[in-house]
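Q: Return a 3D structure for these sequence lines:
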Amino acid sequence: MNGKTDEEIMAERNHAIELIKREHPDAEIVDSLVYDQLEEKHGGLRHLAKSLDMLDAADAIYMMPGWEKARGCKIEHECAVAYNIAVLYLKCIQEIRKQSDKARRKQMTKEELEALGLTAEQITGVQGLNTKEVNAAKQQAETERDGYKSQLDTATTELAKFKDVDPAKLNEQIASLNQQLADQKAKYEKKIADRDFNDSVSSAITSAGGINAKTILPLLDLKALRESKNQKTDIAAAVEAVKKENAYLFKESADEPIRKPVTETGGNGGGGAISKDYMARMRAAMGLPPKKD
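A: Residues are numbered from 1 along each chain as shown. Coordinates of the predicted model:
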């Protein structure tokens, strides 16, 4: 609109409405021109705001030739695209009209051809060719017209699906689903981490010759080991520390057999003494705590 008189603006607008009505006879035109003289600090901004307010009530917006050079039109176009309002370009319709007009101009009358000195047979041939060209141009124009009309109908149908949708409620549902997915993921990751940790502890106890893991686990600071950044090394070190202080809970070597905790009886029928070391090993193997002295 910038740089044009009111008369030029109205003439172009009326021409555009005429073209739109030809393609969409039932279309209701939203008068987006702001006639009031508004006091503005930033020239045209308040007028643009009113135009955007009207755009919210529209099903589609037609962009006239040269819209990409006008600041306000570019903003309206960007808003329409962002908010899924159908955008059609008037220059496309104008091109269809030009093709139709060009085709009509090619179709000369019989009298015009006779005036050029053509014979009846030649006139018949020329008119036949003209008819083919006109029909082809007409068909192309109608196909393009129907295509643009289909775009508008499709956009209108798709927009109608969102008529009763509550955006705030929909956003809440999406947020809730995202939170549920995050919780499930965290739960799964914790389960995997716990399994890997328990496997590491069991492996370290077995490697150290532990007789019964149940009696060794209470002696480990599992919480600190679980939070360790270097679990494998720290678990092995912690198990070795327990082994050093509680050797009876571990075999001396991996191949060490389970020896008898009771000495053989003598030939005179006297009973044998029970070794404290082997008694401790037996209690450990049975899952019992160490016996207090």
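Q: For the spatially closest residue to I75 that is not a sequence neighbour, grab phi and psi.
A: Spatial nearest neighbour of I75, excluding adjacent residues (C-beta to C-beta, 6 or more residues apart in numbering): L48 at 6.4 Å. Just so you know, the C-beta spots here come from the backbone N, C-alpha and C atoms, and that holds for glycine as well. L48 has phi and psi values of phi -60, psi -40 when expressed as degrees, to the nearest 10.
Q: just the one 10 residues further on next, same as before
A: A58 adopts backbone torsions of phi -90, psi 150, taken as degrees, to the nearest 10.
Q: The residue nearest to I75: neighbouring residues, count only.
A: Under the neighbour criterion other C-beta atoms under 10 Å, L48 is assigned a count of 19.
Q: show me what contacts it?
A: Each residue near L48 by C-beta atoms under 8 Å, 6 or more residues apart in numbering is listed here: 72, 75-76.
Q: Tabulate those residues (a markdown table), appending neighbour count, distance to L222 and secondary structure.
A: A markdown table is the format used below for the contacts of L48 (neighbours: other C-beta atoms under 10 Å; distance: C-beta to C-beta, whole Å; DSSP: H, G, I helix; E, B strand; the rest coil):
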| residue | neighbour count | distance to L222 | secondary structure |
| --- | --- | --- | --- |
| G72 | 16 | 68 | helix |
| I75 | 13 | 62 | helix |
| E76 | 22 | 65 | helix |
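Q: Out of those residues, the closest to H24 would be?
A: Of all those, the one sitting nearest H24 is E76; the distance, using C-beta to C-beta, is 19.5 Å.
Q: The closest one touches K50, doesn't it?
A: No: with contact defined as C-beta atoms under 8 Å, E76 does not count as touching K50 (11.4 Å).
Q: now the strand or helix carrying A136: how far from the chain's centre is it?
A: Per DSSP states H and E, A136 falls inside helix 120-160. With C-alpha atoms, centre = their mean, to the nearest Å as the basis, the distance from the averaged C-alpha position of helix 120-160 to the chain average is 40 Å.
Q: From here on, call the first residue 470.
A: New numbering, starting at 470: the last item is helix 589-629.
Q: mean confidence score for that helix?
A: Confidence over helix 589-629 (mean pLDDT, whole number) is 74.
Q: Could you point out the helix or strand that follows it?
A: Heading C-terminal from helix 589-629, the first helix or strand you meet, by DSSP H and E, is helix 636-676.
Q: Which strands or helices does that next one pack on?
A: For helix 636-676, the packing partners by 3 or more C-beta pairs under 8 Å, 6 or more residues apart in numbering; DSSP states H and E come out as helix 682-685, helix 691-695, helix 700-714.
Q: Out of the contacts of L517, show me where the pLDDT dips lowest.
A: By pLDDT, G541 ranks lowest within the contacts of L517, coming in at 85.
Q: That one and K519: what is the separation?
A: With distances taken as C-beta to C-beta, to the nearest Å, G541 is found 11 Å from K519.
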